[in-house]
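Trainee: structure here, sequence nowhere to be found:
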């Protein structure tokens with residue numbers, strides 16, 4: 001007869017390395033004040049910009065996740081001096097145009113942001129570099145960022161014309177471009193702007209649909225001139241190349257996408273009242289919060305201030321009776337990472353929710369459109385896909401649960417599945433908690449601190 005799996009109780013989680021399965025059980029009464037980790041998008045960009053600024057930059061609150069560590073290691077390989085001391089990242093910048101040719105391939109792990117942004121940066125330096133990544137990243141399309149970078153004069157060798165590994169031969173005499181983005185993508189926009197930093201003349205990106213604007217905001221913080229022209233049809237962002245980036249001392253605010261997991265948990269678990277402190281609320285990334293408020297969520301934005309060129313708030317939430325809504329496709333760019341956790345909220349909402357225009361989810365860390373359907377379906381949620389739309393019939397009385405979720409190395413699938421388990425009548429099990437470190441180190445401990453019932457399950461102990 002098989003022995004029961006070893007269950008490590010909540011109070012023992014602090015000293016456990018998160019490399020096993022995790023089970024989430026029905027929870028209520030989540031309370032407390034917590035901090036979400038530093039914003040991932042800003043962390044990537046601060047490391048890159050500080051590395052090519054002049055002088056010593058000090059970055060406080062940097063997200064030290066596996067994704068951001070990939071950015072740090074890549075910039076070190078390109079000749080930059082970076083150290084981490086007591087929660088502060090210290091970077092001695094080498095200046096625009098001074099990147100060294102790396103002696104080994106640059107390994108970006110699972111980080112599409114790091115890979116695409118740094119690809120833009122090196123494309124206008126006369127160096128050769130090889131870009132590699134893990135199995136998941138090697139399946140993600142790169143043509144969308146390669147195409148505009150070719151116009152600067154860079155040369156690329158891609159696997160099957162689309163995927164990693166990629167050999168980049170940077171342009172010796174880069175040519176400035178004006179590029180109209182065909183697909184809303186902050187990564188493509190940022191790659192072009194970073195390429196433009198070492199290109200003489202004016203480089204412009206024209207967006208028909210606005211995407212997250214952290215690169216533009218941060219360039220200004222680093223003393224770089226950025227021209228932004230907006231009209232009803234598009235937004236044009238322009239820079240003049242080969243100026244100087246100035247070193248900074250900067251505090252990185254909390255990540256609104258990471259904050260979404262405890263926030264949704266606080267909204268859907270009974271008798272809960274919690275606050276997530278120091279979270280940036282950027283108009284190009286607030287789609288999750290707009291959608292939750294439309295669903296009837298009790299959300300208060302408190303203590304407004306400014307950090308890293310962003311508006312920052314403490315976000316307080318209380319248990320709420322949510323209702324189904326329709327999320328228009330036009331909102332997708334402002335919440336592209338947040339549909340998995342919004343789907344959890346929709347699962348216990350009263351009525352039907354429809355999320356429209358989710359084609360971009362198919363090319364994230366995993367096919368997130370199918371991934372959302374999978375983790376909801378195996379836990380008894382009525383969910384379907386129609387073209388690029390996701391349709392969820394909510395169950396305000398609770399979710400049956402009892403499913404085992406294959407996360408496909410996707411951190412957002414893992415965290416969303418665990419939050420779903422907190423409102424499920426039977427426990428929800430995920431296959432891989434280590435992937436959570438991609439964006440939210442300490443997530444399990446933080447949720448336990450709030451009162452969530454999470455248990456690490458060591459299936460290797462079964463006989």
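Mentor: Yes, it's here. Quick caveat: nothing in here was measured; it's all calculated off a predicted structure.
Trainee: just the buried positions in stretch 121-136, please.
Mentor: 121-127, 129, 131-134, 136 (16 or more other CB atoms under 10 Å). Where C-beta positions appear, they are placed from N, C-alpha and C, glycine not excepted.
Trainee: quick check: mean pLDDT across it?
Mentor: Stretch 121-136 carries an average pLDDT of 96.
Trainee: now find how far off-centre that stretch is within its chain.
Mentor: Mean C-alpha position of stretch 121-136 versus that of the full chain (CA atoms, centre = their mean, to the nearest Å) differs by 21 Å.
Trainee: ends of it, how far apart?
Mentor: By CA to CA, to the nearest Å, the extent of stretch 121-136 from end to end equals 23 Å.
Trainee: ends of stretch 322-333, what's the gap?
Mentor: Using CA to CA, the two ends of stretch 322-333 sit 23 Å apart.
Trainee: sorry, that was for stretch 195-204
Mentor: For stretch 195-204, the end-to-end distance is 11 Å (CA to CA).
Trainee: where exactly do the strands run in the stretch 51-200 of the chain?
Mentor: For the stretch 51-200 of the chain, the strands defined by DSSP state E, counting those that start in this stretch cover 54-60, 81-85, 88-94, 106-107, 128-132, 155-159, 163-169, 178-180.
Trainee: out of those, deepest packed?
Mentor: The highest mean neighbour count among the strands of the stretch 51-200 of the chain, using mean count of other CB atoms under 10 Å, belongs to strand 106-107: a mean of 22.
Trainee: ok, residues contacting it?
Mentor: 70, 73-74, 77-78, 118, 129-133 (CB atoms under 8 Å, 6 or more residues apart in numbering).
Trainee: identify, from those residues, the entry nearest to residue 86.
Mentor: residue 73 (20.1 Å; CB to CB).
Trainee: what count of nearby residues applies to the closest one?
Mentor: Residues lying near residue 73 (other CB atoms under 10 Å) number 16.
Trainee: picking that back up, now the two most distant members of the buried residues of stretch 121-136.
Mentor: Once CB to CB is applied, the buried residues of stretch 121-136 give 126 and 136 as the farthest pair, at 31.3 Å.
Trainee: now do the helices in the stretch 351-463 of the chain.
Mentor: Ranges of helices within the stretch 351-463 of the chain are 368-377, 411-421, 443-450, based on DSSP state H, counting those that start in this stretch.
Trainee: if I look at residue 408, how far off is residue 358?
Mentor: From residue 408 over to residue 358 the distance is 17 Å, taken as CB to CB, to the nearest Å.
Trainee: next one: residue 386
Mentor: Relative to residue 358, and taking CB to CB, residue 386 is found at 11 Å.
Trainee: what about those two, which has more around it?
Mentor: residue 358 (20 against 9).
Trainee: which residues does that one contact?
Mentor: For residue 358, the contacting residues are 329, 332, 339, 368-369, 388-390, by CB under 8 Å, 6+ apart.
Trainee: need the max-distance pair from the residues you listed.
Mentor: 329 and 368 (15.5 Å).
Trainee: among those two, which residue is more densely surrounded?
Mentor: residue 368 (26 against 14).
Trainee: okay, now the domains of this protein?
Mentor: Per automatic domain parsing, the domain ranges recorded for the chain read 6-38+253-461, 40-250.
Trainee: which of the ones you listed comes out lowest on mean pLDDT?
Mentor: domain 6-38+253-461 (a mean of 91).
Trainee: tell me how far it lies from the chain's centre.
Mentor: 13 Å.
Trainee: the buried residues of stretch 121-136 in helices, which ones?
Mentor: Members of the buried residues of stretch 121-136 lying in helices (criterion: DSSP state H): 121-122.
Trainee: the buried residues of stretch 121-136 into TSV, with extra columns for distance to residue 223?
Mentor: Formatted as TSV, the buried residues of stretch 121-136 follow (distance: CB to CB, whole Å):
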residue	distance to residue 223
121	18
122	23
123	23
124	20
125	21
126	25
127	25
129	27
131	29
132	34
133	32
134	36
136	37
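Trainee: just to check, residue 54 is in contact with residue 245?
Mentor: Yes. Checked against CB atoms under 8 Å, the pair residue 54 and residue 245 is within contact range at 6.8 Å.
Trainee: quick check: neighbours shared by the two?
Mentor: Joint contacts of residue 54 and residue 245 (CB under 8 Å, 6+ apart) are 93, 95.
Trainee: the nearest residue to residue 22 once chain neighbours are set aside and residue 456, how far apart?
Mentor: Of all residues not flanking residue 22 in the chain, residue 433 sits nearest, at 4.5 Å (CB to CB, 6 or more residues apart in numbering). Distance of residue 433 to residue 456, given as CB to CB: 7 Å.
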